[in-house]
Each structure stands twice: as C-alpha cells, then as structure tokens.
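Asker: predicted model and sequence follow; I will ask about them next.
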Amino acid sequence: GGGGAGGGGGAGDVVRQTVSVRRAVLRDAGEATVRLVLGEDGTRTGLLTLRAFSAPTGGGASSDSGSVASIARALGSEPLASADELIIDLRGNPGGHFPSGVEASRLFLPADATIVSTVDRSGRLSPVLTFSSGPYAKGRTARPTYVLVDRGTASAAEVFAAALKDNRAATVVGERTFGKALVQSIQRLTDASAVVLTVAKYRTPRGEDINGRGVEPDIEVACEAGSDAVGCVNRALNR
C-alpha cells in the first residue's frame, strides 16, 4: 500500500507478524509426533500424538501437508509400522479442521461404515460413509488400537474418537470428552468483523448427540494431559 513510514506502518507490521505466528502454531500442532515404547514383556507400543487437526495447505485434499497426511506418513513408517499395538493420544486436542478429523477416521474404518452424520437446520440427516476399507482397519491389521481422550478433547477430535469407537475400530480410553458437536462457519462482514454461524450439528455413527455431553470412553481412567500415555492405557487395562 501507499503510506509506509511512521506509526501506521509499524502497526501493520505487528498485525502481519501476529497472523503468521498463529498459522505456524496451528501448522505445528497439526503435525503428528511419534514414539516407540518397549514394555517389560517386550511389547512394542507405538504412540502417535496429535494436538490439533489442521487442513492441507496449497494442494487440496491430496496435498502432503496437514494432519491426515502427517498421520498417514507416521503410520506407514517406522517406528509405528512394526509396533505391536497403537495408542493415538488426543488429550487436549481441541479439534481444528473438521474435514480432517473425518478423513483421518477413514484410515481405520472398514468399507460402508458411517463416520459421522450431520444434521442441518431442517433436521435432515446426512451420513458421511467410507467407500473402501482403510489401510489400518480391522481385518487388514490385527494390532489393538487405543484412542486416549480427556475433557479437553473436542470437535474434530471427538468425531475421530466416536467414529473409531462406534465402529469398534479402537478402544477409547480416558475421560468423557468436551462435547462440541457443532459445524460452524465464519462469515466476514463488510466492516472487517466476522460472525460465527452454526450451520449444522453432528451425530455419532450410532446417532448420539454428544453436544454438551461428550464421548463416553469405553474404559474410564483419569489421565492428565502431558502425563505418560502408555502408563495411562496400561492402568486402564489393569496390566
């Protein structure tokens, strides 16, 4: 633009820096981190931790960026590829990019499974289905999978947890989740402000409305975010 010098330019610079930092934080949070834990009995437990679901950037759904691509890469390479069991740690994951939570679920579900259903304002139910079996669906892999959740697990992370739970693709362990089952859209206004509109609600594959209630784990255990994920699951399984 035209006026570079003085206080106005400085303020503009600060705003641009703030936006770039937020994008970097979201991008980093959407990257899966992995670790292998060797148990006393020799069990190799793969731990995949995801702090948020982020959208692919620049290349659409086929892009090699974003959470779904990051999860797929982690699962298909060592140390997770040869792990005896898998723990997906979603504690403190507030959700993020809703479609990425849906797409990540496909990796673990069989063909013709319901991932989630959306309900529009008229009450019309629209299920989202899988068309083929995911590479880590039961039948294609024999290893147990656990999803670790807590009260900070919300939105897209709840979609993922409920999809795997209701389709018996994983055992959900931890605390009842936050309970945000709204699909929202940000509408920009002419004065540069914005409003957040709820455009739909969603239901779990079994038809449950978890808004305000959360996803109930298969095995309940108190496990603070940041504490040892493998220890939490072992305690829940009494081993």
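Answerer: Now that the structure is in, tell me what you want to look at.
Asker: any weak-confidence spans in the chain?
Answerer: Scanning the chain with the threshold set as pLDDT under 70 gives 1-28, 58-63.
Asker: chain neighbours aside, what residue packs nearest to the most centrally placed residue in it?
Answerer: For the chain, Ala157 is the residue whose C-alpha lies nearest the centre (Cα atoms, centre = their mean; 3.5 Å). Leaving aside its sequence neighbours, Ala157 sits nearest to Asn93 (Cβ to Cβ, 6 or more residues apart in numbering; 4.0 Å). In short, each C-beta sits where N, CA and C put it, glycine included.
Asker: assumed the residue nearest to the centre of the chain was part of a helix.
Answerer: Yes. Secondary structure assignment (DSSP: H, G, I helix; E, B strand; the rest coil) places Ala157 inside a helix.
Asker: how near is it to Leu107?
Answerer: According to Cβ to Cβ, to the nearest Å, Ala157 stands 15 Å off from Leu107.
Asker: next: Gly207.
Answerer: 23 Å.
Asker: and these two? which has more neighbours close in?
Answerer: Leu107 (19 against 11; other Cβ atoms under 10 Å).
Asker: ok so, going back, surely the residue nearest to Ala157 and Ala52 touch.
Answerer: Yes. Counting by Cβ atoms under 8 Å, Asn93 does reach Ala52; the two are 5.9 Å apart.
Asker: the more surrounded of those two?
Answerer: Remark: of Asn93 and Ala52, Asn93 carries more neighbours, 31 against 24, as counted by other Cβ under 10 Å.
Asker: look at that one and tell me its secondary structure.
Answerer: coil.
Asker: how about Ser100?
Answerer: Ser100 ends up helix, using three-state DSSP.
Asker: kind regards, and thank you for your time.
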